[in-house]
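Undergrad: 3D model of this:
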Amino acid sequence: MVRKLRMGSEQGFKESLSGKEYGTLSDLLSKSGIGWNSTTSMINVEDESVWEDCRRADPSLKGFHHKTWPYYTQWIEIFGKDRATGENAVSNKLGQ
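TA: Numbering: from 1, shown residues only. Okay, the predicted model is just below:
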């Protein structure tokens, strides 16, 4: 799901919000050896081997390490811990 968030012109930004990117960042930041630098709005990695292990496990993380995420703190407020797990998923096929 991608939604557009338009803030008032006094804040001066319009940003695409991706629940998937937020979820990926949250998952990364929950791992040992990976942290958040609020000054640079970037992921901090204690040891590059930790990052390489994460990338090997999930190749889609390639662009996450040296990228700035200036709206991550706002994403926390918007998405919070609301994440779909599929636990209560229901099939839309008849007879299942």
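
Undergrad: residue ranges of the strands in the protein, please?
TA: Taking DSSP state E as the criterion, the chain contains strands spanning 2-6, 14-18, 34-37, 42-45.

Undergrad: which stretches of the chain have low pLDDT?
TA: In the predicted model, the chain carries pLDDT under 70 at residues 1-19, 81-96.

Undergrad: which residues in it form helices?
TA: Secondary structure of the chain (DSSP state H): helices located at 19-29, 48-57, 72-79.

Undergrad: just these: most buried one?
TA: Of all those, helix 19-29 carries the top mean neighbour count, a mean of 16, counting by mean count of other C-beta atoms under 10 Å. Where you see a C-beta, it was placed from the backbone N, CA and C, and this is true even at glycine.

Undergrad: tell me which strands and helices that helix is in contact with?
TA: For helix 19-29, the packing partners by 3 or more C-beta pairs under 8 Å, 6 or more residues apart in numbering; DSSP states H and E come out as strand 34-37, strand 42-45, helix 72-79.

Undergrad: for the last one, packing partners?
TA: Packing contacts for helix 72-79, counted by 3+ C-beta pairs under 8 Å, 6+ apart, involve strand 14-18, helix 19-29.

Undergrad: could you do the second one as well?
TA: Here strand 42-45 is seen to pack against helix 19-29, strand 34-37 when contacts are counted using 3+ C-beta pairs under 8 Å, 6+ apart.

Undergrad: could those go into CSV alongside distance to G80?
TA: As requested, these are exported to CSV (distance: least, C-beta to C-beta, whole Å):
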stretch, distance to G80
helix 19-29, 10
strand 34-37, 16
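
Undergrad: looking at those, which is nearest to P59?
TA: helix 19-29 (12.2 Å; C-beta to C-beta).

Undergrad: please put the alpha-carbon coordinates of stretch 70-78 into PDB.
TA: Extracted in PDB, the C-alpha atoms of stretch 70-78 (Å, rounded to 0.1, in the frame of the first residue of the first chain):
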ATOM      1  CA  PRO A  70      14.200  11.700   6.700                       C
ATOM      2  CA  TYR A  71      10.600  10.900   7.400                       C
ATOM      3  CA  TYR A  72      11.100   7.700   9.400                       C
ATOM      4  CA  THR A  73      10.200   9.300  12.700                       C
ATOM      5  CA  GLN A  74       6.900  10.600  11.100                       C
ATOM      6  CA  TRP A  75       6.300   7.100   9.800                       C
ATOM      7  CA  ILE A  76       6.500   5.700  13.300                       C
ATOM      8  CA  GLU A  77       3.700   8.100  14.300                       C
ATOM      9  CA  ILE A  78       1.600   7.200  11.300                       C
END
